[in-house]
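**Student:** here is my input, please return the structure:
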Amino acid sequence: MSGVANFLPGKARLPRPENTRWCLYAIGKGIINPVPATGKVLRSDGSEFKEYENKDGYKYIKVFMHSTDFHFYVHKCIYLKAHGKIPKGKELDHDDGNLSNNSAANIIARTMLQNLKKRRYTKEPEPAF
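**Tutor:** Okay, the predicted model is just below:
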């Protein structure tokens, strides 16, 4: 029953947002070329991929390969190119909190607890009414 929602009439079935193995495959085959210094992802011909933004503010690119559209998060592509696989039990975090800054120096692998603590202490206090 879990996959039923994807096939309801009137609902567009979108490809999964990302698969790390496919992203590594695309990097290895030269289909995508993340540039860690700039935080941009280039095509094999050197042109930039068009970046899209999801509802949470994360940038992603669309790559068509093997008859399927893949959506790869830019920050994950940059991290994989610069550091290799994401350590088990870690998630990626934009160190400065700016989701548009995808340079390798700004993408840090942290545990969920570390990430939650950082968000808690860097969040602006809400105004009291």
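**Student:** got any ranges where the protein has weak pLDDT?
**Tutor:** For the chain, residues meeting the criterion pLDDT under 70 lie at 1-18, 120-129.
**Student:** okay, strands next: where are they in it?
**Tutor:** Using DSSP state E, the strands assigned to the chain run over residues 32-35, 40-43, 52-53, 59-65, 68-73, 91-94, 107-110.
**Student:** any chance of the ones you listed in TSV, plus mean neighbour count?
**Tutor:** From N, CA and C alone the C-beta is placed, and that goes for glycine too. Shown next, in TSV, are those (neighbours: other C-beta atoms under 10 Å):
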stretch	mean neighbour count
strand 32-35	20
strand 40-43	18
strand 52-53	12
strand 59-65	17
strand 68-73	17
strand 91-94	17
strand 107-110	18
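**Student:** let me have these in TSV, adding distance to W22 as columns.
**Tutor:** Output for the strands of the chain, formatted as TSV (distance: least, C-beta to C-beta, whole Å):
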stretch	distance to W22
strand 32-35	10
strand 40-43	14
strand 52-53	17
strand 59-65	8
strand 68-73	6
strand 91-94	17
strand 107-110	19
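**Student:** so what's F72 closest to, chain neighbours aside?
**Tutor:** Using C-beta to C-beta, 6 or more residues apart in numbering and skipping residues adjacent in sequence, the residue nearest F72 is C23, 5.0 Å away.
**Student:** distance check, the one you found against A37.
**Tutor:** C23 sits 19 Å away from A37 when distances are taken as C-beta to C-beta, to the nearest Å.
**Student:** right, I'll call it a day here.
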